[in-house]
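Engineer: Predicted model follows, preceded by the sequence.
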Amino acid sequence: MATSTLVQYLQPGEAGNTMNRGQVETFLAGGTIALGEAVALDLTKTGADKALYVVEAPASSGAIVVGVALAAATAGQTVNVVVTGYIDVADVETGVTAGQALYVGTTAGRFAAFKNAATSVNGVFFSAVQTGTGAAQNIAHGLGVVPDLVFAIPEDLNVATIGAYTVVNGAHTSTNAIFTVTLNKTYRVVAIRFADATKAVGAITGPVAVALTAEAANKAAVFVLKRGY
């Protein structure tokens, strides 16, 4: 059986929208959308309209990003969306640099970068037995970031010695878990760091785009990755 190959015809210096690796689809806006924002399907709609309308991708929600808006739009208007390929006005967080994989972060419609390798995997700290002093104690956890989950486990639960047992969380830091525990009561500390990919919007299908330039005034050129749908 004969096969066909799509040959790249973009010449150096031409506009990115002329390249055949790009794909633009038209949707209806489910709300106000700004030029360059990442957009996701509007799941508040009913029936097939869920696949027809897009809204700015919600922050930190796990929404599946469809692409990047090529123009601003208000509710009910048509909006062209780059679903794969180049766009030079994507909305990105401050500090994004060329080559970083992107997903939607803590601002709706705005791309954020996956973090560095030091925090790209899950981390768990389990302490040795600690003895409460009645004052705040610092227990070094070595995770390199403020843990996502920290708790103390009572160690001495002997009915004859337990008595009053009070545990108060402090303001945990990137270095220490901080607890105030009743004098002479023993406990262990568990601190957990979740991988950035675990917390990232769109992480269930991987990064959404790749930054091609460094951020300037919260804009950058990006390449929207082809999704698996």
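Structural biologist: Yep, that arrived.
Engineer: The lowest-mean-pLDDT helix or strand in the chain: what's the following helix or strand?
Structural biologist: The weakest-scoring helix or strand in the chain, judged by mean pLDDT, DSSP states H and E, is helix 196-199 (a mean of 59). Next along the chain after helix 196-199, taking DSSP states H and E as the criterion, comes strand 209-211.
Engineer: residues in contact with that following strand?
Structural biologist: Here strand 209-211 makes contact (C-beta atoms under 8 Å, 6 or more residues apart in numbering) with 38, 68, 90, 92, 96-102, 111, 113, 220-225. For glycine as for every other residue, the C-beta is placed from the backbone atoms N, C-alpha and C.
Engineer: Would you give the sheet partners of it, along with the direction of each?
Structural biologist: strand 101-104 (antiparallel), strand 219-224 (antiparallel) (DSSP bridges).
Engineer: What distance do you get for A216 to V89?
Structural biologist: 11 Å (C-beta to C-beta, to the nearest Å).
Engineer: which residues does the residue nearest to Q100 when sequence neighbours are not counted contact?
Structural biologist: The shortest distance from Q100 to any non-neighbouring residue, by C-beta to C-beta, 6 or more residues apart in numbering, is to A113 (3.9 Å). Contacts for A113 were tallied using C-beta under 8 Å, 6+ apart; they are 93, 95-97, 100-102, 211.
Engineer: among those residues, who's most crowded?
Structural biologist: Counting neighbours by other C-beta atoms under 10 Å, the top entry in those is L102, with 28 neighbours.
Engineer: What pLDDT is listed against that residue?
Structural biologist: With respect to pLDDT, L102 scores 86.
Engineer: For it, give the beta-bridge partners.
Structural biologist: A113, A209.
Engineer: Tell me who's in contact with A164.
Structural biologist: T182.
Engineer: Try it again at 10 Å.
Structural biologist: 182-183, 185 (C-beta atoms under 10 Å, 6 or more residues apart in numbering).
Engineer: Counting neighbours, which of these comes out on top?
Structural biologist: K185 (22 neighbours).
Engineer: Apart from its chain neighbours, what residue comes closest to that residue?
Structural biologist: Going by C-beta to C-beta, 6+ apart, K185 has G132 as its nearest residue, at 4.4 Å.
Engineer: Double-check the one you found against R188; I have them as touching.
Structural biologist: No: using C-beta atoms under 10 Å, G132 makes no contact with R188, being 11.7 Å away.
Engineer: between the two, what contacts are shared?
Structural biologist: 152, 154-155.
Engineer: and which of those is nearest to L28?
Structural biologist: A152 (51.4 Å; C-beta to C-beta).
Engineer: can you pull the contacts of the closest one?
Structural biologist: Contacts of A152 (C-beta under 10 Å, 6+ apart): 127, 130, 132, 139, 167-169, 177, 179-181, 185, 187-190.
Engineer: Give me the three-state assignment for it.
Structural biologist: Following DSSP: H, G, I helix; E, B strand; the rest coil, we place A152 in the strand state.
Engineer: what is it paired to in the beta sheet?
Structural biologist: Applying DSSP bridges, one finds that A152 bridges with V189.
Engineer: again, but for V68
Structural biologist: With DSSP bridges as the rule, V68 is bridged to A38, V82.
Engineer: what number of residues lie near it?
Structural biologist: Residues near V68, counting by other C-beta under 10 Å: 28.
Engineer: Please report how far it lies from L41.
Structural biologist: For V68 relative to L41 (C-beta to C-beta), the value is 14 Å.
Engineer: ok, so of the contacts of A113, who is nearest A29?
Structural biologist: Closest to A29, out of all of those and judged by C-beta to C-beta, is L102, at 22.0 Å.
Engineer: Understood, closing this out.
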